[in-house]
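K.L.:
Got a predicted model here, sequence first, then my questions.
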Amino acid sequence: MAQPTEGPRSGVIHDIGYRPYTGPRLGTGAAARSLFVTGLLNAYGIGRSGRAKGLPMTLLAMMLVPAAIMVAVMVTLGLTEGFLDYGSYPVTLMLVIVIFVAAQAPVLFSRDLRSGAISLYLARPLPATSYALVRWASLFVAILVFIGLPVTVLYVGALTAEADVSEHTGDYLAAMVGIVLLSAVLATLSGLVAAHTRRRGLAVGVTIIALLVSTGVVSAVQAITSQQGNETAGLVVGLLSPFSLVDGVQAELLGGQSSFMVPPDTTGWGLLYLVVCLAVVAAGLWLLVRYYRKQAGR
Amino acid sequence: MNATISRLALQSLFGQKRWWVLIALPLLQIGLAVLVRVLSGGETGGAFEPVLVVFGLGLVLPLVALLVTTGVLGPEIDDGSIVYLLSKPISRYVVALSKLLVAVVVTVVLGAGSLVVAGLILEPSEPGQALAVGIGAAVAGTAYCAAFVMLSAISRHGMVVGLIYVLVFEGLLASWLAGLRYLSVSAFGRRIAGSLDSALEPIAGNLPLGYAWIASLVVLAAGCYVAGRRLSRFQLRGDE
């Protein structure tokens, strides 16, 4: 800023009260944090229009109602043992989860790419890599809450019904590890699709079709291979769907119950399922980061 | 019918990235048939129904129809370029019909065609059975296209509503509530396929054959009418 100099003056700059910002400057970390929180809330429609809240909130209610009913049944009938199966809850309500993931991933990944607001975000100090990772983290936590909340309701319900605490805690924690893995895989896949297609309708369709068709293929092929007694082929096919993949890890390595026909039966296969899970997340994140860096370069 | 509009619709279907999504599902259907045949070593007796009827007629065909139908009409409405098309002196019903025709042809070729190929791979000795499923799938695919055009005319989120119809209504509810078969397009397709080949009787279900044909035609006519009406009353609205 050039200071006004003394001397013969032809014009005057009036001080009309504008002030520079003198508050604390929070830096990149705070930007990432607030982007994360906004993204997480936006995934549930909070901070968006009333119409945008309808779908996620309805789906969340659909996830919670069966859990509430199960807790009610458990409390009234006094079934504290063997009634709840935390690990199979996500597979049972797969359709609701898939619709939520497919419908809300474009909220975080398609809108700013499509409208061009992405160039405004990337012009700020937050680099493209962090932007992509923060967006992914928002979606991941949103899905984690979506699946984890009803399972937690089941667990709390079991504790209030005075079930065996140590047994239920073990099952619950094992199931939650599986849910964390499932959320990570789903967030990665749906985020990739949403970022690349950019159109909301198409992204929703492709994500739902990919997730449901792959799971349908796994169930169909496993039904046939178990009939034929060809175990290995069924195990290999199980790697193709996120649900059977995480179900396998959860059933074999964490001691849960499998909801699929051919769960991995040795630790080796369980480890392979886990490695494939982590590889999918890592590769997906790498692609996502690469895509956003390319956007920043434009 | 307007050849130029049909050609443009075909171009918009296969000119963008969407085409690989369209191709992927039929390829998956055929791949599954090959896989089942390899795994079972030629003994594919019990696999015909799950692979072709449940997976093919119940899932692949409606999804192909949905992707094709929303791809023919949706993008132009979304980005607003449809006003240039609608400002031409062509009846809106002709516009809708030309686009629907393309959607039907592509669905029949990709959806029903892949079912016939998969059926021939599974049961090479009985081409009549595969053909019967193919004809049933062609009728059901036509009805699906009309139904989805109707849905996307009623709602702005045609893709999501269509998916909910296929997955929740036909997949989930119709298997519990048997009365819903009178409203389920895939039940019409199964009934028609079942009437054409005696080996397929078990899949036909308890539905009058005449009703299946007439209901398919009614859906088709309603789809044409609603889509044309929607276009003739089209108002440009902003994006979400």
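P.N.:
Received the coordinates, thanks.
K.L.:
pull the helix or strand with minimum mean pLDDT from chain B.
P.N.:
Least confident helix or strand of chain B, by mean pLDDT, DSSP states H and E, is helix B:201-204 with a mean of 69.
K.L.:
Return the list of helices and strands in contact with the host helix or strand of residue B:188.
P.N.:
If you go by DSSP states H and E, residue B:188 is part of helix B:185-196. Helices and strands touching helix B:185-196, by 3 or more CB pairs under 8 Å, 6 or more residues apart in numbering or on different chains; DSSP states H and E, are helix B:61-79, helix B:127-154, helix B:201-204, helix B:209-232. Placement of C-beta: from N, CA and C, glycine included.
K.L.:
That one: how far from the chain's middle?
P.N.:
14 Å (CA atoms, centre = their mean, to the nearest Å).
K.L.:
tell me the SS of the closest residue to chain A within chain B?
P.N.:
Proximity of chain B to chain A (CB to the nearest CB) peaks at residue B:159, 3.9 Å away. With DSSP: H, G, I helix; E, B strand; the rest coil as the basis, residue B:159 sits in helix.
K.L.:
how about it, what does it touch?
P.N.:
With contacts defined as CB atoms under 8 Å, 6 or more residues apart in numbering or on different chains, the neighbours of residue B:159 are A:201-202, A:204-205, B:66, B:70, B:74, B:152.
K.L.:
State the distance from residue A:297 to residue A:291.
P.N.:
Residue A:297 is 11 Å from residue A:291, where distance means CB to CB, to the nearest Å.
K.L.:
cool, and residue A:238?
P.N.:
Using CB to CB, residue A:238 is found at 29 Å from residue A:291.
K.L.:
Of those two, which one has the most company?
P.N.:
residue A:238 (27 against 17; other CB atoms under 10 Å in any protein chain shown).
K.L.:
Quick check: which ranges of the stretch 151-298 of chain A have low pLDDT?
P.N.:
A:298 (pLDDT under 70).
K.L.:
Could you rerun that using 90?
P.N.:
By pLDDT under 90, the low-scoring segments of the stretch 151-298 of chain A are A:154, A:157-172, A:174-175, A:196-210, A:212-240, A:245-270, A:295-298.
K.L.:
Around chain B, pick out the residues from it.
P.N.:
Contacts of the stretch 151-298 of chain A with chain B, taken as CB under 8 Å from any CB of the partner chain, map to A:196-197, A:199-202, A:204-206, A:208-209, A:212-213, A:216-217, A:220-221, A:223-225, A:227-228, A:230, A:233.
K.L.:
swap the cut-off to 6 Å and go again
P.N.:
Proximity of the stretch 151-298 of chain A to chain B, by CB under 6 Å from any CB of the partner chain, involves residues A:201, A:204-206, A:208-209, A:220, A:224-225, A:228, A:230, A:233.
K.L.:
picking up where we left off before, least reliable of the helices and strands packed on helix B:185-196 going by mean pLDDT?
P.N.:
Note on these: helix B:201-204 shows the lowest mean pLDDT, a mean of 69.
K.L.:
before we move on, the earlier item: distance to residue A:286 and mean neighbour count added to the helices and strands packed on helix B:185-196, as JSON lines?
P.N.:
Shown next, in JSON lines, are those (distance: least, CB to CB, whole Å; neighbours: other CB atoms under 10 Å in any protein chain shown):
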{"stretch": "helix B:61-79", "distance to residue A:286": "28", "mean neighbour count": "25"}
{"stretch": "helix B:127-154", "distance to residue A:286": "36", "mean neighbour count": "25"}
{"stretch": "helix B:201-204", "distance to residue A:286": "45", "mean neighbour count": "14"}
{"stretch": "helix B:209-232", "distance to residue A:286": "43", "mean neighbour count": "17"}
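K.L.:
could I get the ones you listed as CSV with distance to chain A?
P.N.:
CSV is the format used below for these (distance: least, CB to the nearest CB, whole Å):
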stretch, distance to chain A
helix B:61-79, 5
helix B:127-154, 9
helix B:201-204, 16
helix B:209-232, 16
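K.L.:
and the residue lying closest to residue A:117 once chain neighbours are set aside, how many neighbours does it have?
P.N.:
With sequence-adjacent residues excluded and distances taken as CB to CB, 6 or more residues apart in numbering or on different chains, residue A:117 is closest to residue A:111, at 7.6 Å. If you count neighbours by other CB under 10 Å, residue A:111 ends up with 17.
K.L.:
Same check on the one 3 residues further on?
P.N.:
Neighbours of residue A:114 under the rule other CB under 10 Å: 16.
K.L.:
Strands along chain A, start to end?
P.N.:
With DSSP state E, there are no strands along chain A.
K.L.:
Just want the residue of it that's nearest chain B.
P.N.:
Counting by CB to the nearest CB, chain A gets nearest chain B through residue A:201, at 3.9 Å.
K.L.:
Who are the contact partners of that residue?
P.N.:
B:74, B:159 (CB atoms under 6 Å, 6 or more residues apart in numbering or on different chains).
K.L.:
picking up where we left off before, would you state the predicted confidence (pLDDT) at the residue nearest to residue A:117?
P.N.:
What the model reports as pLDDT for residue A:111 is 86.
K.L.:
One more: residue A:83?
P.N.:
Confidence at residue A:83, expressed as pLDDT, is 66.
K.L.:
Next: residue A:9.
P.N.:
65.
K.L.:
Ok, the one 10 residues further on next?
P.N.:
On the pLDDT scale, residue A:19 is placed at 85.
K.L.:
Equivalent analysis for the one 4 residues further on, please.
P.N.:
The per-residue pLDDT reported for residue A:23 equals 89.
K.L.:
How about the contacts made by it?
P.N.:
Contacts of residue A:23 (CB under 6 Å, 6+ apart): none.
K.L.:
distance of it from residue B:138?
P.N.:
Residue A:23 is 68 Å from residue B:138, by CB to CB.
K.L.:
correct me, but residue A:106 touches residue A:200?
P.N.:
Yes - the criterion here is CB atoms under 6 Å, and residue A:106 meets it with residue A:200 at 4.6 Å.
K.L.:
So which of those two has more stuff around it?
P.N.:
Remark: of residue A:106 and residue A:200, residue A:106 carries more neighbours, 25 against 22, as counted by other CB under 10 Å.
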